[in-house]
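Participant: Give me the fold of what follows.
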Amino acid sequence: MSFQQGLSGLGAAASALDVIGNNVANSSTVGFKGARANFSDVYAASLGIVGASQVGIGVGVSAIQQQFTQGNLTTTNNPLDLALNGGGFFRMSNAGAITYTRNGQFHLDKEGYIINDQNLRLTGYPAGVNGLISPSNPIELQLSASQIAPRATSDSLSGNLAAVINLDSREVVPALSPFNYNNPDTYNFSTALNVFDTLGVAHNLTTYYVLNTPTAPDGGEWTVYATLDGANPQQLPGNLIFDTAGALSTASAQKVLPSWSLTSGAVTPWSPGTIDFTGSTQYGSESSVDRLTQGGYAAGSLVGIGVGKDGVVQGRYSNGQTRNMGQIVLATFADPNGLLNLGNNQWNPTSVSGPELVGAPASGSRGVVQSAAVEDSNVDLTRQLVDMITAQRNYQANAQTIKTQDQIMQTLVNLR
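Facilitator: Residues are numbered from 1 along each chain as shown. You can find the predicted model right below:
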C-alpha cells in the first residue's frame, strides 16, 4: 500500500492555500496581479503496462500562473499617480538595471526624477528645448523646475497678432479732428491687449479706429492708430477698407505696427510686428471684438505637472503656457506569464517571456495612461474565499485517505 497519493494531495492543497493566502494578503496592493495554482496528475512510467491497468500515484503542481487581467482604477489627488488601462508595463531604472511594474505610484525626488517608493526611476523619451518629443532610446525622465524663457510678440514663432473685429456701419465720421487718443470724441472705437518685448515685459497696445469716409455708396474706410503703454500715438500705414457687404478688403487686412522706444532694457526701438485683421467686418451692429490674440508671453515658473493618455508629461507654467517635458514609455512582452517576479511589484524578463517591446502608450497593444489614478489589485476576494474553502476540503479529504491507509496497514499488522 502507498501513502504517496494522499501525501501529494496534501502538498498540492497546501500549495493552493499558499497561493490563495498570498492573493488575499495582496488584495490591496496597487498593481498586484493575482496567481493561480495549476495541477497535473502523476503516473509512474513503466513499460508493459496498458492504460487500463495504470494507477495514478498522486498530483503535482505544474505551475503557479499569474493572471494579468485588468484591475479597477481608483482616482487619487496626485497627478503623478499613473494607472495603466490596457496592456504593458512601466519601465523602471535602478542605476541602469531595468525592471518592469504595473504599480504607478510615482513622485518626484529632489533632483526632479520621477521615482517610485523603492527609488527606481521611471523611463521614457526626452523632450527637446521647445518641447518636441523624438522617440529614441528611453532614458530616466528628469523634469526641470527652471523657468521657461519669454517669447516676444515680434518673434517669428509667435506669428502675427490677430484682430477680428466688427466696426459699426452706422457710425459717422467724428465731429472733432484731428485724432486725439485722450478724447473719445475724435475716434469711433478702441480696443487693447498686452504684447511682450524681448525680455518678456508686458506692454499695453491700444488700437483706435476712426471712420474717415461715409459708408455709402462704396463701403467704409477706417484709419487705425496705435499707442504703446498709453503714449506716442502713431497711425498705421493704409486704411481698413470694407465693401458694401461689410467684408474687409484682403489687400488692406495686414498692417505693420510702428516701433516705439522702450525703457525696459529690451531691444529698442521695438515693434510688436504685424497685425492681421482678416475676418473683420463692417456690419450694422455695435462695434465689438470677436478675437484679439498674440503669441508672446513672459517668463514662467513651473506651477504644475500633468500626464496625458499618451504618456506625455506636460509642465504648466505661471505665464499660462504648457510645455512637453518628456513621454512615458511602456514595455510589452510576448508572454507576460514568463516574467520573473522580483517582489516590490517588479518583474524581470526571461527567455520564456521574450525581450521587451518598447513604445508609447496607446500604440500597438499598449494601454493608455490615466493620471491621478492607480490600478488596484485584480484579486477577487469573494472568489479567493470560495477557493480557500475548496482547498481546505481537498486537504481534509487527502488527510482522510492517509488515515484510511493507516487503518488498513494496522489491520494487516494485527493478522500476525
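Participant: Domain boundaries for this structure, per the record?
Facilitator: 4-69+378-413, 75-135+302-375, 156-293 (automatic domain parsing).
Participant: nearest to Ala149, of those domains?
Facilitator: Evaluated with Cβ to Cβ, the domains of the chain place domain 156-293 nearest to Ala149, the distance being 7.7 Å. From N, CA and C alone the C-beta is placed, and that goes for glycine too.
Participant: Any chance of TSV for the domains of the chain, columns mean neighbour count?
Facilitator: TSV is the format used below for the domains of the chain (neighbours: other Cβ atoms under 10 Å):
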stretch	mean neighbour count
domain 4-69+378-413	15
domain 75-135+302-375	18
domain 156-293	16
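Participant: so Ala14 sits in a helix?
Facilitator: Yes - counting by DSSP: H, G, I helix; E, B strand; the rest coil, Ala14 is part of a helix.
Participant: Relative to Gln66, how far out is it?
Facilitator: Plainly put, Ala14 is 20 Å away from Gln66 if you go by Cβ to Cβ, to the nearest Å.
Participant: and Ser146, which of the domains of the chain is closest to it?
Facilitator: That would be domain 75-135+302-375 among the domains of the chain, by Cβ to Cβ, at 7.7 Å.
Participant: any idea of the mean pLDDT in the closest one?
Facilitator: What domain 75-135+302-375 shows for mean pLDDT is 94.
Participant: That domain: end-to-end distance?
Facilitator: 9 Å (Cα to Cα, to the nearest Å).
Participant: Helix, strand, or coil at Ile389?
Facilitator: Under three-state DSSP, Ile389 comes out as helix.
Participant: Quick one, grab the pLDDT at it.
Facilitator: 94.
Participant: gap between it and Ile20?
Facilitator: 10 Å.
Participant: Next: Gly364.
Facilitator: With Cβ to Cβ as the criterion, Gly364 and Ile20 are 34 Å apart.
Participant: Val329 now?
Facilitator: 35 Å.
Participant: what's the helix or strand for the nearest residue to Gln234 once chain neighbours are set aside?
Facilitator: Excluding its sequence neighbours, the residue lying closest to Gln234 (Cβ to Cβ, 6 or more residues apart in numbering) is Pro258, at 4.2 Å. Using DSSP states H and E, Pro258 falls within no helix or strand.
Participant: Pro258 against Leu236, yeah?
Facilitator: Yes - assessed by Cβ atoms under 8 Å, Pro258 is found in contact with Leu236 at 7.2 Å.
Participant: where along the stretch 301-416 of the chain do the helices fall?
Facilitator: Taking DSSP state H, counting those that start in this stretch as the criterion, the stretch 301-416 of the chain carries its helices at 381-413.
Participant: what sits against the most centrally placed residue in the chain?
Facilitator: Nearest to the mean C-alpha position of the chain, by Cα atoms, centre = their mean, lies Gly308 at 2.0 Å. Under the criterion of Cβ atoms under 8 Å, 6 or more residues apart in numbering, the contact partners of Gly308 comprise Gln314, Val369, Ser371.
Participant: do the same with Leu143
Facilitator: Leu143 neighbours (Cβ under 8 Å, 6+ apart): Leu108, Gly112, Tyr113, Ile114, Ile305, Val313, Gly315, Met325, Gly326.
Participant: Specify which member of those is nearest to Ala226.
Facilitator: Among those, and counting by Cβ to Cβ, the member closest to Ala226 is Gly315, at 34.2 Å.
Participant: Thought Thr322 was touching that closest one, still the case?
Facilitator: Yes - using Cβ under 8 Å, Gly315 is in contact with Thr322, at 6.7 Å.
Participant: and for the two, which residues touch both?
Facilitator: Joint contacts of Gly315 and Thr322 (Cβ under 8 Å, 6+ apart) do not exist.
Participant: wait, Leu248 sits on Lys255?
Facilitator: No - at 11.5 Å, Leu248 does not count as touching Lys255 under the criterion of Cβ under 8 Å.
Participant: what touches both of those two?
Facilitator: Common neighbours of Leu248 and Lys255 (Cβ under 8 Å, 6+ apart) are Phe277.
Participant: Lys110 and Ile408: what is the separation?
Facilitator: 71 Å.
Participant: can I assume Gly9 sits in a helix?
Facilitator: Yes - Gly9: assigned to a helix according to three-state DSSP.
Participant: Please list all residues in contact with the spatially closest residue to it that is not a sequence neighbour.
Facilitator: In space, and not counting its chain neighbours, Gly9 is closest to Asn398: 3.2 Å by Cβ to Cβ, 6+ apart. Neighbouring residues of Asn398 by Cβ under 8 Å, 6+ apart: Gln5, Gly6, Leu7, Gly9, Leu10, Ala13.
Participant: Got the phi and psi for Thr250?
Facilitator: phi -60, psi -40 (degrees, to the nearest 10).
Participant: Who are the contact partners of it?
Facilitator: Thr278.
Participant: What's the per-residue pLDDT of it here?
Facilitator: Looking at Thr250, the pLDDT reads 94.
Participant: Could you give the bridge partners of the nearest residue to Gly359 once chain neighbours are set aside?
Facilitator: Leaving out its chain neighbours, the residue that sits closest to Gly359 by Cβ to Cβ, 6+ apart is Arg366, at 5.9 Å. Per DSSP bridges, the residues bridged to Arg366 are Gly87.
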